Structures are given as structure tokens and as C-alpha cells.
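# sequence-free structure coming up:
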């Protein structure tokens, strides 16, 4: 029986511990062509290589040199967590290095980008190591701006948050390169944290938590990497200290209510989601059933009441936090790119823990929409916030909260976060258990578990055919499980001479049989475009529909609808939707064409409200017909600035 | 011909200068019974008397003593503009003193509240005077916290903003009491400002403006009070320096584009509105036709695209600013109470300048709704933000941006702003010109101009009958003009033996005749409740209606609808609305009763979006019938905390 193939990525950001209670184990996938390979190529060739220069220009690397005493000058940057931009870039670069030598990367030019990248990583790892203080502490803001003061402002200081990203970078670096250089730095910091923080009676000087959860998942992964259980215990201690007022009791910092008692997600979205990812990790490694129940309950509450159609999370600009249930605004959707990433990280841990398909349903939706919109098609520009609407006449605030793509941010958390997810994407796509292999997401490439290797060919999400060929298999029967997406109402699968049609109850199509190399399974997911409506409690989209096709949410952009704005447009839901593949457009997309009209509105005088019987709604039937061209939401804002809408009025 | 009656308030916050080009002159009204007298009694007996203790507790008065060197300790408060809480309270108290001796006030107890109030005013005026620096500068934050540094941070420092409120308080104090004590302080500061700020080439050291407009209207009023034209010139200079990048070019500070070129209101709502009030003042006093055109254009743009049904202004919590056109969210409506006040102040100046009724239409709507909601019925608790919806399951952030009434705020700008408007309300209700008297708002009391005195009796807004009796009149014919509200489609008026019915084109019903004392005019405004819809571009309320009656916007509160939340409720627009007066409820209100139902929603699983043909909308017809009780919006949040909605889904 073949082990994991050595030419496929064997390590990922979530590696289960020896006592894990997870239902599934992560499996490796080699993505070699298709939709995601194109996105990953931008990441590998543009986004990641440009990182060091941007970090240099923004001062992040300079700060490390200042802390090391190898440069002079002023601290640069406005936040105590600027070091994490470096750590997240290092993590992304490490995952990227884990894929080299990769034909796609090496074929691109006359020099080997992976060698350059390895050199850059080595240089920056050395800068990080140089900035560390002798006892393991490392935070350039506090070392340089705050005169070395430590842990006095846990609510805002982000010291443990920074430690967390350092640890994650170090684990990635170790897994990818085998080098212990950054891991030593991270362990030294983790040991320092472990010597300082602990519950009352532990003899540790501080009973406290960080205002921004993040170190918890990192410590779990450090435990997984090193086998040292005290890192896991420290993570468990931190997770359970939220919600008891140590940070003043604010929901923003996850301190209003303990996770075990919470009934819905709340507060700053990224903080909430990182904390929940840690809860899933602890339920996995500790078998903590109460934490698992809480995580399941909160995931359900989040998806039913606080998730945008794109998978985006976080309704408010103010405090970057979740809104009330069903408060899902369009133009002011915050949907921070980092929150989409955190959601994927949490859901993947839940998928492994429970084996349930719905978690990967949300991952699919988020990957193709709320997450992917965060980076431009060319890999050079970014969105921090991901609204579902930009109005005609929009006045953009610019800066971090701009609805226009930006080269880099003053608070540059999102770009390197996108980089690290894209560079490790192959680790979120498949899993295995003792009975077989589970395919969670469909890409072109090879899915490999301890048990078997499957070759997949697909042009998904543009086409719905996924052709799977068994390459390696044991002689004994095993189960190939295919996730039937939540959006898919009917599917068809050919397996040898057999054909199945229909639906599945729990999201998994399980094909148990004795497989032979060369066996073929062809899954057909129907990709008819569809009109989607929301629960009527989502007030923001009442009387509207969205266009979707497969996993993709679509939107209208002003640039495709000259001769007027988007806010006067009405979609005709009685007319069929048409599909048009446009290889010329936005790197090649399938557009959806709908029939619509432009309202002719009477002059309202100076007041836009009127008695129902006088209201302009009754006179809008005679609008001017307009052909509506919808493009995938992930590809918006890659042409000229203008308006955009996901949800379209029906009258 | 009688002059303005001496027992009626003769001075107000807007007094035109000798060269004014205004179409109308402010006239005085004595409000003695009815709706607004009740609100003003709370203001006089509760809100204003409690002010000094609250200002003491918050540290504002302590800061003045610190600056005077008569107390020791630390500066208290988090903002450079904490002094304005004191100034606005002083202005409110001064307008209140202008009304004493007033039967209503004096009859209330065994001591005369106005004597107590006068003593408090005197005490606090002395504190302010004591804190002033020898050269006239006064700002406790900069004197105490910033080591006396001045005008180095115009973007955020609020030094001129504070000067403006000091000047307004001083003008009110002088007009109300005849005392020059506070006016001397204000003039000294104004002279100091005039010596420091001026255009390049003026020889003044600073060419600059304040991040928060406010001093401009104050300087115009100081010119009106003192006759010194250099105050008017200074105001004109400031207004025209916005929009040229002196503050970094941000829309927030009104610095993105000059008013003369702007096409819509933008940025921080209160800043925009105070600046526009000053523009109206300058157009009035200087005959600046371009500024007038700009103000008219921006008022039109604001009302058609950026005004909530309640008259509330400001769509965003973040930056407290206007949103894009037609971006008018409900639960996240910011609608700062101060913005409603600023809107009234601006619109009143426009009404006087142009003579057009629509400005007073907006004032009426704002007074009865977006403004009045800012203070509790008992005058003791406040709203800083005024949302149009509070969801079931709302998690309140507390603090200044709470959707729950609060005793006082860390940033306490709104409460004393409400106090000063209520205490000077009689100055926003009527005007005169050479041809007669114009009644802009209907209250019980006496309307007096240079020309005539009219006694009005009405139970408006609960009943639509307004009975007017001529008390004093010249023998010559003159015109009594009655504003027919914008919401009113048909009215009836009896004038002696004549009856008119119908509508008017420009909002003014003009009755020109020879009047005799005792002549009666009875205006009947129909108060049938109505369902109102919005321009379809207001996405947030698509598929919804609001209940209105006369000038009042209504809302549902959760407390009146036990057995479920408000977010499942649908209103049946085919069934008639009923009116029920409830003297027991909320100090006595007329409620509107509507038929509705509660949706029965199917289980959505974990995802609240579904193809249109599967969506729960199609199954909601069989909801459970519910009688809906709507209460006036201004009276919401005066009982237990809970949900609230202005806009109600129709399906």
C-alpha cells in the first residue's frame, strides 16, 4: 500500500497530534492546472516575490534591524503588530518553498524563483532572529516604542498575537525546509510566554490573555510539531480565559462571554474566528466535547444569521465586528479578507474534527468568493474590505477600508494572509480516514492519502465535469467520498459502467468498492445559473435576487453597463439566464447574461418618500430594457473604478 | 401698529443684521400649552436643572477651575472639546432664562426655578471667565493637557469649534439677560482668533481653519449682536478656506472640495451641516449669490438622496459621516442627534433667506422625529445615535453609540445641544416680512410680529385642527401665510364665512385681507394615518412601508408585540389603518393600529440563501395574524429595552 507520495506536498498548516480525536486526517493534493493553479501562479510569481520589497518600503524589516541594533532611525508603522506582516509573509514563502521544485514555477524564466525565494526567506529569518531579545521576547513596537515595557496593555498590545504568527511561520518553515532556525526563535518566545502566563496559583506572574486571539492555534500547532504538551495546555488555558472580563469584558476582544456559553458569534470577526479555530483544535486534540459542542453551535448560528452570500463575515466597519443576527448590509459589508481566511481555517478544523461535509461547503463558497475577491487577478493589489455593493456616485474613503484595490495597506494584515492561504491551499482540499479518501474541493491534480492516489481533471468551476482516475490503490475495498456541494440539487456520477443520479443527505457521495488502477469516476455537477433569494429576515436584500452558478456568486459591474448606473437596474426573473464564456474577459470567465430594465423614475421633488399609492414603484414597469452581464464576484474591481452589485432588485 | 410684544420672547439664536438680504425676518412665538410645551417643560424642569451636576460629575467644571488655578488635580475628559458641553448648557440656560418669569415655570413649586437657574448661570459664567487666558484664548484641554500649545492641531484640536460655542452661549446670555459678562469673554476670544487667523498676505500668523466648523455661524451672530463687521469677514474667510487641502483634503473635515463646487453633502454630518448653516448666514448677510446657490443645491441633494424618513442625517457610524446617495441603512443609521439639530439650524436660515416653505417642512419632520427621539420623555436620558431599527437579538455596544438611552455620554455633545434647541424652539416657528406674518410650525400660543399678534389653539400633532384668532392687527390689509405641510395632500381652511379646500403649489397658503381683532381662521390638516414607501433606490427599505400620521413617523416596538420578535412581522397593506389615542401610553400618544402577520419560516438548515423557487417567501402567506401597534418614533426606547422597526416588510 503506497504511503503519501513524496512528490506531493506532505506537510500543511494543520497536522493532527498523536492523540487526535478528529474524524478525518488531512490529505495532500498536488494542484497542477486549472482555476486554482492560475491563482497560485500569481501568488507564487507576483504576490510573494514582491513581499520583501513592500515590507522594506513599509518599514517592517527596518524595525527588525532597529531592534537588532544593526540599523539606526525611527520605528516605522502605526501598530504594535507590524511584525506579523513579516511573519505571515514568511509563512507564505515557506509553504511556497515546500512546493518547489515545481515545474510550473521553474519553467517560468531563466532563473529559479525558488532559489531566490529561499535566499529571501533565509535573509528575513535572520532578521527576525536578530531582533529577538535574550529571554525570547520579540515585538519591535514594544522594544522600540514602548521602551521595552511588556504585557502592560494586553487589550491592545498584540504581543501574543505576534507570537502566534511567529510560531505559525516557524512551523511552516520547519515543515517546508526542515530547518530549525526559525522554529528555535519561535520556541524560545513560546517558552517565554509559557513562563509568564498561567492561571492563578500556577506561579506564573500574569493571568491574562491577548486582546487578539491567534497564539492559541499557533501553540496547538507547535505542540503538534514538537510533541510538547505544555504548548497545548497553554493554548487551552488561553482559550478558556476569554469571556471572564480579563480584558474589560468587551465583545470586541471576545471577552464578554466564554465560548462554552456563547450562543452566537460576536465582536471583532477575525478575533472570534481565530478563537473558534483554536476551540476546534482543542476539541480535536483534547477530546473536549463541550468545546466541540460550542464550536458546532456557533458555526451554525454564524452561517444561518451572520454570513454574507459570498461567505464574507463581519457586518460593521466600526470595530470590524459581527452585526446582529440577519444584519447583513451590502454597501457596508465589512467582510474583511482576513475574516474569510479565518473562517476557512476554522471550518477546515471542523471538517476534520467532525467529518461533516457542510464545513467544506462553506469553505468552497468562501474560497471562490469572499476570500478570492481580496486579491487582484494580477496578484498586485488588494481589498481589505469586501462589500457586496458599490453605489453609483460612491465616494471612496481610500485607505485600509477602501472599496478600491490598493497596493498595500497601512494595516497590511490581509495581503500576506492571502499569500499564506494560497500557498498552502492544497492542504484544505482533501482528507483520509481508515476507510478511504474524501475529496472536499475539486481541482485539477492529484489527491493522495496513505491509501491511494487519484488523478483529477476538471475545468471546474467553469465546467461541472470532474474526471477522476485511480492511480494507486490497495487491493482491498475502500471508500472514495465525493462532496456534493450544498448548492447542487442533482448530480450524476459515472463509475465504470454504473451511473448514479440524485442527491445525498449528508453531502457525501460514498463509493465503496474494490478499486483498480485506471478505474474512472466521472462526476457531473450541473452548472445551470440560478437566481438566489435570502431568508426574509435579511432586510438588506429584500425584493432582490443574486445570480449564482456553481460555487460562484456573480455581480454586475458598472463598466459592463454603460449608459447609466447600476442603482436603477431591475432584473427580470421571468426570463431565462444565459451563460457565455468569455476567454477575453478578466483572465477568462464564464459570464451570466440576464434580462433586465432600467427604471424610469418620476421627479420626486425634494423628498424621496411618498404615500404608497403615489410611489414610483407602480410606474417602473415601462423601464428601458437592458441586457445584464454578470461576472464572478471574485473578479470584480479589476478594471476601472465604478459601481458593483451582487443583489439585484426584482421590481 | 404694535411692536413685538414685550411678554413674548424677543430674542433668538438667529437675529438678522442690518444689511440682511433675507426674505423673511424671525418672529417670536410664545408656546404656552400643547405638545411642545410638555417637551419644553421637561427641558426646563429636568434636563437643564440637572446640567450643572452632570457637568460637575463629568469634570467639565473642574477643568475650568484647574485652568483658572482655583483647583488642583488632573484634567478630566477624553476630548479637546469638553468645554463645549458647558457652553451649550449655558446657551440653553440663557434661552431658558429669557422666558422667565413664565407662569408655567413659576407655578411649579414653592421656589422660583428661574432664580436658581440664574444663580447657576452666574456661577458657571464666572468659572468660564476665570479660565480664560489674558490674551483671550480659552481651551482647558490645550491649556492643561497640551502645555498651552495652540493651533498646532487644527484638524483635531477643536479650538475654534470651542470658541464658536462660547460665542453662541455669550450671545444668548447677552440677549437673554442683558449682561455683558460672558459676551466680554467671547469677544476677547473672538478678537484673539481674529488676530491669529487670516488669509496669506493679511499679516495674520495662521492661514487655517478648524477641523470642525462651528465658529463660522457664531462669528456671524457675534457680528449681528455687536455690529462689528470684522467678525462677519472672519466667518466668510473661514467658510471659503474649506475644501482647499488646509486640513489634508479629507471629506471628513469638509476639506475635500469647496462648498461652492460641491454637488452633494459629504463627510462628517454635523461638520457639513454647521458649515452649510454658516454659508446660509453669509449668503444672507453678504448677498453672496454663489454661496446661496451652493446651499440650495446641497440642501436639495441632501434631502433627495441622503436623508432618512425621520429627518435623520448621517449613514455611517465610522466617521459619523454621510454615506453614498440612497445609502440609508436602518439598524446602522447613525442619525446623530446633533446632526438633526444642525439640520434644523441650517434649514431655518434657508427658510429665512429664501422664504420657501420646504425648509420648514424638513424642520417639522426633523423636530417631531429625528430630533425629538434624542431625549427621553422624562428629560433624563439621551440617544446620541438614532437608528430606525433595533433587531431582535440586538447586542448593544453601550457607550456613546448605544441604541439604548443613556444618562450622559463620554462625548456629551448631544444632550446640551438638545437643551439649547428646546429652550429656543419658539424662534424657529414663525417669521414676518413687510406684507405680514408666516406661520411655519403649529403650536398652541401666540405668534407675534412687528405687525400683528395671532393666538393659536391646537392639539397638533394629535389633532389636525388649528384655530387662529387675530389679537392685534393694523387696519391695513396684510397677509397671513400658513405653511401647508409637504405631507398634507388636501387641507381645509375656514376664514370667517369662507372655506377653502385643496392644495397649494409652493407650500404657503396666503390669506391677504383686512383683519380685525377677533377674526378667526381655522385650518384643518387631515391626519389620516398613511403608509409611506421610499424611492426604489433606497435599497435598505425595498419591499417595506412606514406608517406615518401628520408630521409623525411611527415605529413598532417589541414591547407592544409579545410572543415573538419584530423581524418576523409582515404588515398587510390591504387592510385599513386605525387610530387609537392612548392617554395612558408614553405620556399620551395617538397610536396607529395595523393588520399584520408573523411569518412561519421553514428550517433553512445551515444556509439562509436558496434558489428563488425554494425560498421561504413563497410559503409565508399562512403566517399567524398579529395586530400591530405603532407608536410615534420620537417616543421609542422609553420603556424596556427591546427591538424596534420603522420600516415594515409588506411580504
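Looks like it came in fine. Predicted, not measured: the structure shown is a model, and the values here were computed from it.

# May I ask you to confirm that residue A:631 is in contact with residue A:557?
Yes. Between residue A:631 and residue A:557 there is a contact at 6.2 Å, judged by CB atoms under 8 Å. (Glycine included, C-beta is placed from N, CA and C.)

# Correct me if wrong, but residue A:210 is in a strand.
No. Looking at residue A:210 with DSSP: H, G, I helix; E, B strand; the rest coil, it is coil, so not inside a strand.

# If you drop the residues flanking it in sequence, what lies closest to it?
Once flanking residues are discounted, residue A:210 sits nearest to residue A:160: 3.6 Å by CB to CB, 6 or more residues apart in numbering or on different chains.

# Tell me if I'm right that that neighbour and residue A:206 touch.
No. The pair residue A:160 / residue A:206 is not scored as a contact, 10.5 Å apart, by CB under 8 Å.

# Which of these two has more residues huddled nearby?
Comparing residue A:160 with residue A:206 by other CB atoms under 10 Å in any protein chain shown, the one with more neighbours is residue A:160, at 26 against 14.

# check which helix or strand covers that one.
Residue A:160 is part of helix A:159-177 when elements are defined by DSSP states H and E.

# which helices and strands sit right next to that helix?
With contacts defined as 3 or more CB pairs under 8 Å, 6 or more residues apart in numbering or on different chains; DSSP states H and E, helix A:159-177 has these neighbours: helix A:83-99, helix A:113-131, helix A:181-196, helix A:215-226.

# Can you name every helix or strand that whichever helix or strand comes after the shortest one contacts?
I take that to be helix A:215-226. Scanning forward in sequence from helix A:215-226 by DSSP H and E, the next helix or strand is helix A:229-241. In terms of contacts (3+ CB pairs under 8 Å, 6+ apart), helix A:229-241 is packed against helix A:181-196, helix A:215-226, helix A:269-286.

# how about low-confidence regions in the stretch 1-150 of chain A?
Residue ranges of the stretch 1-150 of chain A with pLDDT under 70: A:1-10, A:100-113.

# Residue of it nearest chain B, please.
residue A:78 (15.5 Å; CB to the nearest CB).

# which residues touch that residue?
A:410, A:411 (CB atoms under 8 Å, 6 or more residues apart in numbering or on different chains).

# one step back: and the helices and strands packed on helix A:159-177: which comes nearest residue B:476?
For residue B:476, the closest of these is helix A:83-99, at 79.3 Å, according to CB to CB.

# Find the nearest non-adjacent residue to residue A:168, please.
residue A:218 (4.9 Å).

# Would you mind putting the helices and strands packed on helix A:159-177 into CSV with mean neighbour count alongside?
Converted to CSV, the helices and strands packed on helix A:159-177 look like this (neighbours: other CB atoms under 10 Å in any protein chain shown):
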stretch, mean neighbour count
helix A:83-99, 27
helix A:113-131, 18
helix A:181-196, 21
helix A:215-226, 26
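
# how about the residue nearest to residue A:210, what does it touch?
Here residue A:160 is in contact with A:154, A:193, A:197, A:209, A:210, A:212, A:214, A:215, A:238 (CB under 8 Å, 6+ apart).

# ok, 7 Å please
A:193, A:210, A:215 (CB atoms under 7 Å, 6 or more residues apart in numbering or on different chains).

# That one and residue A:148, how far apart?
17 Å (CB to CB, to the nearest Å).

# likewise residue A:454?
For residue A:454 relative to residue A:148 (CB to CB), the value is 54 Å.

# Over to residue A:351?
Between residue A:351 and residue A:148 the distance is 43 Å, computed by CB to CB.

# out of these two, which sits in the busier spot?
Neighbour count, other CB under 10 Å: between residue A:351 and residue A:148, residue A:351 has more, with 27 against 11.

# That one touches residue A:361, doesn't it?
No. Using CB atoms under 7 Å, residue A:351 is not in contact with residue A:361, being 9.4 Å away.

# what's near enough to touch the residue nearest to residue A:138 when sequence neighbours are not counted?
Using CB to CB, 6+ apart and skipping the chain neighbours, the partner closest in space to residue A:138 is residue A:132 (4.4 Å). Contact analysis of residue A:132 by CB under 7 Å, 6+ apart lists A:138, A:185, A:188.

# Need the per-residue pLDDT for the last one.
So that's residue A:188. Per-residue confidence at residue A:188 stands at 98 (pLDDT).

# Same question for the one 5 residues further on.
The confidence metric pLDDT takes the value 98 at residue A:193.

# thought it was touching residue A:162?
No. Using CB under 7 Å, residue A:193 makes no contact with residue A:162, being 10.6 Å away.

# quick one: contacts of the helix or strand where residue A:555 lies?
In the assignment (DSSP H and E), residue A:555 maps to strand A:552-557. Residues from elsewhere that reach strand A:552-557, judged by CB under 7 Å, 6+ apart: A:309-310, A:368-369, A:461, A:546-548, A:566, A:592, A:628, A:630-633, A:636, A:642, A:644-646, A:648.

# Do any residues in the helix or strand following that strand lie close to chain B?
As assigned by DSSP H and E, the chain's next helix or strand after strand A:552-557 is strand A:569-571. No. Using CB under 7 Å from any CB of the partner chain, strand A:569-571 never reaches chain B; the gap is at least 8.2 Å.

# from the chain's centre, how far out does strand A:569-571 sit?
Between the centre of strand A:569-571 and the centre of its host chain there is 31 Å, according to CA atoms, centre = their mean, to the nearest Å.

# Could you list every helix and strand that the following helix or strand past it packs against?
Heading C-terminal from strand A:569-571, the first helix or strand you meet, by DSSP H and E, is strand A:578-582. Under the contact criterion of 3 or more CB pairs under 7 Å, 6 or more residues apart in numbering or on different chains; DSSP states H and E, strand A:578-582 touches strand A:589-598.

# next structured bit after the strand it packs on?
Following strand A:589-598 in sequence, per DSSP H and E, is strand A:609-611.

# List the buried residues of that following strand.
A:609, A:610 (16 or more other CB atoms under 10 Å in any protein chain shown).

# Relative to that strand, what are the paired strands and their orientations?
Sheet pairing of strand A:609-611 (DSSP bridges) gives strand B:530-534 (antiparallel).

# So what touches the partner strand?
A:608-612, A:615, A:617, B:309, B:541, B:545-549, B:573.

# Please enumerate residues in contact with the following helix or strand past that strand?
Once the chain leaves strand B:530-534, the next helix or strand it forms, by DSSP H and E, is strand B:544-549. With contact meaning CB under 7 Å, 6+ apart, strand B:544-549 is reached by A:542, A:612, B:309, B:487, B:527, B:529-533, B:553-554, B:571, B:573, B:577, B:590, B:592, B:594, B:630, B:646-650.

# Give me the mean pLDDT for strand B:544-549.
98.

# Next: stretch A:400-413.
Mean per-residue pLDDT for stretch A:400-413: 93.

# do you know how far the residue in the stretch 101-250 of chain A positioned nearest to chain B is from residue B:385?
With CB to the nearest CB, the shortest gap between the stretch 101-250 of chain A and chain B falls at residue A:250, namely 8.9 Å. Distance of residue A:250 to residue B:385, given as CB to CB: 19 Å.

# if you count what's nearby, which of the two comes out ahead?
Neighbours were counted for residue A:250 and for residue B:385 using other CB under 10 Å; residue B:385 has more, 21 against 17.

# From residue A:218, how far off is residue A:124?
18 Å.

# Oops, could you answer that again for residue A:498 instead?
For residue A:498, the distance to residue A:218 - CB to CB - is 46 Å.

# And residue A:332, by the same measure?
Taking CB to CB, one finds residue A:332 at 32 Å from residue A:218.

# Same check on residue A:99?
Relative to residue A:218, and taking CB to CB, residue A:99 is found at 22 Å.

# Could you list the buried residues of stretch A:196-207?
A:196, A:197, A:198, A:204.

# Please disregard the earlier target; I meant stretch A:64-73.
Buried, per 16+ other CB under 10 Å, within stretch A:64-73: A:64, A:65, A:66, A:67, A:68.
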